[in-house]
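Q: let me see the structure of the following:
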Amino acid sequence: MENNPQTEKRVERRTQVSELQHSWFIMQELVSKDFKLKYRRSVLGIAWSVLNPLLMMLVLTAVFSSFFRFDIENYPLYLILGNILFGMMRTSTNDAMRSITSSASLIKKVKVNKIVFPLEKVVFELVNFAISLVAVAIVMVVFRIGPTPNLLLLPVLLVYMVIFCSGLGMLLSSLVVFFRDVEYLWGVVITAWTYLTPLFYPAQIWPDWMVTVEQFNPMYHYVTYFRDIAMWNITPDLKMNLMCLGFAVVTFVVGYIVFRRTEHRFILHI
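A: As a prediction, the model looks like this:
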């Protein structure tokens, strides 16, 4: 008896939906576990995610405003916006990079879609970023800076960031399985990337050649986007959105392809 093609398609669709539901359930459980682990035995708990960016802002403001005297309006807000967005990328990619190797025991015992592990780290950092926005709100209240209508575009920026960080996370997590030195090299890259992105200084101090180079720095565009909508009430134009989306999509596609082509060999190296 021949199989009905329509029946086979329905079975295949149900299988795919079931796998997606299973992956989503695992991701929720992993996010919950990471959340509990991060704040376990912490006196301040979730409040630390608010206090940490505030304290960093105070220290950096004291240092850079005293020694360099940048002429930046609302400098504390300028600092905290750049730091929390860059921090989201830095922490999510660092954690995603180690997600496969640190979950070796689970991967060896349970059949699970391995891509869930790096993606979960990005989702977890998105939650932390949302909490850190309370710190931004406090700064805006203290310095009497009103919210701009363009803040409604924040979800668009976060979509770009999640896609971008997911791509980097998948790429790094697959590479570090085979080349453990990637973990140390990435630390150097992140440090250099921090100073090459205008987080605590204005982009106007760059020489002309550096301005050209920065056009290829995705975090420069994402940080600028965030400051435009939160500080300057500037609506990012089509070119800015296409550049942000382009960096995100290209990075995601590269990371996804590398991850999928190597994941079947993870079990031999973790």
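
Q: what's around the nearest residue to Trp206 once chain neighbours are set aside, how many residues?
A: Leaving aside its chain neighbours, Trp206 sits nearest to Glu214 (6.8 Å; criterion: Cβ to Cβ, 6 or more residues apart in numbering). The way it works is simple: take the backbone N, C-alpha and C, and place the C-beta from them, glycine included. Neighbour count for Glu214, taken as other Cβ atoms under 10 Å: 17.

Q: so Glu214 is in contact with Gln204, correct?
A: No. With contacts counted by Cβ atoms under 8 Å, Glu214 stays clear of Gln204, the gap being 11.7 Å.

Q: and the closest residue to Val112 other than its chain neighbours, how far from Val156?
A: Leaving aside its sequence neighbours, Val112 sits nearest to Ile26 (Cβ to Cβ, 6+ apart; 5.9 Å). Going from Ile26 to Val156 by Cβ to Cβ, to the nearest Å gives 28 Å.

Q: now do the helices in this protein.
A: Per DSSP state H, the chain carries helices over the ranges 5-39, 47-67, 75-97, 99-102, 104-109, 116-142, 154-178, 182-196, 208-214, 218-227, 238-262.

Q: I'd like to know which of those is closest to His269.
A: helix 154-178 (5.0 Å; Cβ to Cβ).

Q: that closest one versus helix 75-97: what angle between them?
A: Orientation check (axes from the mean of the first three to the mean of the last three Cα atoms, to 10 degrees): helix 154-178 against helix 75-97 gives 40 degrees.

Q: can you list the buried residues in helix 154-178?
A: 157-158, 160-177 (16 or more other Cβ atoms under 10 Å).

Q: again, but for stretch 240-257
A: Counting neighbours by 16+ other Cβ under 10 Å, stretch 240-257 gives Asn241, Met243, Cys244, Phe247, Ala248, Thr251, Phe252, Gly255, Tyr256 as buried.

Q: adding pLDDT and distance to Thr91, write the residues you listed out as JSON lines.
A: Output for the buried residues of stretch 240-257, formatted as JSON lines (pLDDT from 0 to 100; distance: Cβ to Cβ, whole Å):
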{"residue": "Asn241", "pLDDT": "98", "distance to Thr91": "25"}
{"residue": "Met243", "pLDDT": "97", "distance to Thr91": "24"}
{"residue": "Cys244", "pLDDT": "98", "distance to Thr91": "20"}
{"residue": "Phe247", "pLDDT": "98", "distance to Thr91": "19"}
{"residue": "Ala248", "pLDDT": "98", "distance to Thr91": "18"}
{"residue": "Thr251", "pLDDT": "98", "distance to Thr91": "17"}
{"residue": "Phe252", "pLDDT": "98", "distance to Thr91": "18"}
{"residue": "Gly255", "pLDDT": "98", "distance to Thr91": "17"}
{"residue": "Tyr256", "pLDDT": "98", "distance to Thr91": "21"}
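
Q: which among these gets closest to Tyr78?
A: Distances from Tyr78 to the buried residues of stretch 240-257, taken by Cβ to Cβ, are shortest for Cys244, at 19.3 Å.

Q: which residues touch the closest residue to the closest one other than its chain neighbours?
A: Once flanking residues are discounted, Cys244 sits nearest to Tyr160: 4.5 Å by Cβ to Cβ, 6+ apart. Contact analysis of Tyr160 by Cβ atoms under 8 Å, 6 or more residues apart in numbering lists Tyr222, Tyr225, Cys244, Leu245, Phe247, Ala248.

Q: what's the burial count for Leu77?
A: Count around Leu77 with other Cβ under 10 Å applied: 20.

Q: who are the neighbours in contact with it?
A: Contacts for Leu77 (Cβ under 8 Å, 6+ apart) come out as Val136, Val139, Met140, Phe143, Ile145, Ala230, Met231.

Q: try 6 Å
A: Val139, Met231 (Cβ atoms under 6 Å, 6 or more residues apart in numbering).

Q: before we move on, what about Tyr78?
A: Ile72.

Q: thanks again, I'm all set now.
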